[in-house]
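Participant: The sequence and its predicted three-dimensional model are supplied below.
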Amino acid sequence: MKVYNDAIFDHMVHDSLPQSQMNSLAQSSYATDRVSTAKSSFSKSSSKITTVPIKVAQEKRAKKFEKFWKEQKDINRENERKKRDKIIKDKMKKEQKFNEMYHTLKQGRQLADEMEKMLNINDMNVDRKKTQQYQSWNDNVYNTIQDGIKSHLDSTDRKALNQRKREEYQQFLDAMNQKGAIFRDIIIESDYDPLVSNKNSITYKTQRIEDPTKRVLQKGEEEAKMIHPGRSLGKQAMCRDTFDTTQWATGKVEASPHGHFTKMFRSDGPALKGNPTQKSRVVFDQFNFPKGKEAVDCELPKGKKMDF
């Protein structure tokens, strides 16, 4: 049984017990008091003994705590230093990457500047060539023809020119008064020729002119003359040789090499007998040709069947 208040407990016991038991209890309480006194004296002496190790333990605990706190401070300080170093390192990496990218950009800009410079030089060369070509054409072609036309105009009598113009205009008025209307697409030269004034236009014939726009053609002619000296080459065709359209008429084409070749390789000729690969089944008649569903199916057959 656990007692929390000794005084109340003793009073309760003293009231409930008889006198004989009270005397024995008094004797036992005396012994108990002595025992308790001895115990208290022993506990005091033992407390004096145990206080020394407690202080040592507290001092050790305080030293351990101080050491732990110091280590934690060192660890925190080291972590902060690592963080700063990492921030600085990352910043340096970003700066290095930016410098590399900027250097690449500068190289690209440098390449673009060089290309622009080359293009400008090329444009300048093209403009210079065009200027030289125009100057050469103006001196060798235009001025030569203009001088010839000018000399012809200077030698023309102005009075005779005005008289001719008035006569041509009078002819036009007479024709209008007689017919009422004149059409340019129907010209009857016996009645009135509106193009008679063109016959009196100024013409100027030139000799060989060094035309810069025809330099390639003239150079080709010069090289051909060097290969075939003394031969008159005349005008060279600017395209491949083709069959003249004036020879397409019936009666002419049969006498040409094309007609003889066609006659040799006609569908009923001896050269195609027994050779079906050289026969043609294409109908060239625009009026009589196969019609109907069979002809369409033969020309445009159905596709292959597909299962989905």
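Facilitator: Done, it's in. Numbers count the residues shown, from 1 in each chain.

Participant: shaky segments in the stretch 201-308 of the chain?
Facilitator: In the predicted model, the stretch 201-308 of the chain carries pLDDT under 70 at residues 230-239, 266-275, 306, 308.

Participant: go with 50
Facilitator: For the stretch 201-308 of the chain, residues meeting the criterion pLDDT under 50 lie at 269, 271-272.

Participant: Then the stretch 1-150 of the chain?
Facilitator: 25, 30-31, 35, 38, 42, 44-49.

Participant: ok, which stretches of it are helices?
Facilitator: For the stretch 1-150 of the chain, applying DSSP state H, counting those that start in this stretch gives helices covering 6-16, 19-137, 143-154.

Participant: now residue 119: how far from residue 125?
Facilitator: Distance, residue 119 to residue 125, using CB to CB, to the nearest Å: 11 Å. Where you see a C-beta, it was placed from the backbone N, CA and C, and this is true even at glycine.

Participant: wait, residue 284
Facilitator: From residue 284 over to residue 125 the distance is 55 Å, taken as CB to CB.

Participant: Give me the more crowded residue out of the two.
Facilitator: Taking neighbours as other CB atoms under 10 Å, residue 284 and residue 125 compare with residue 125 leading, 10 against 6.

Participant: For residue 117, see how far away the more buried one is.
Facilitator: Counting by CB to CB - residue 125 and residue 117 are separated by 13 Å.

Participant: Ok, residue 222 next?
Facilitator: 38 Å.

Participant: same thing with residue 170?
Facilitator: Distance from residue 170 to residue 117, by CB to CB: 68 Å.

Participant: Next: residue 94.
Facilitator: Distance from residue 94 to residue 117, by CB to CB: 34 Å.

Participant: Quick check: residue 259 is in a helix.
Facilitator: Yes. The assignment for residue 259 is a helix, going by DSSP: H, G, I helix; E, B strand; the rest coil.

Participant: Confirm that residue 210 sits in a strand.
Facilitator: No. According to three-state DSSP, the state of residue 210 is coil, so it is not within a strand.

Participant: can you count the residues close to it?
Facilitator: Counted with other CB under 10 Å, residue 210 comes out at 13.

Participant: Could you find the closest non-adjacent residue to it?
Facilitator: When the adjacent residues along the chain are set aside, residue 210 lies closest to residue 140, with 4.9 Å between them (CB to CB, 6 or more residues apart in numbering).
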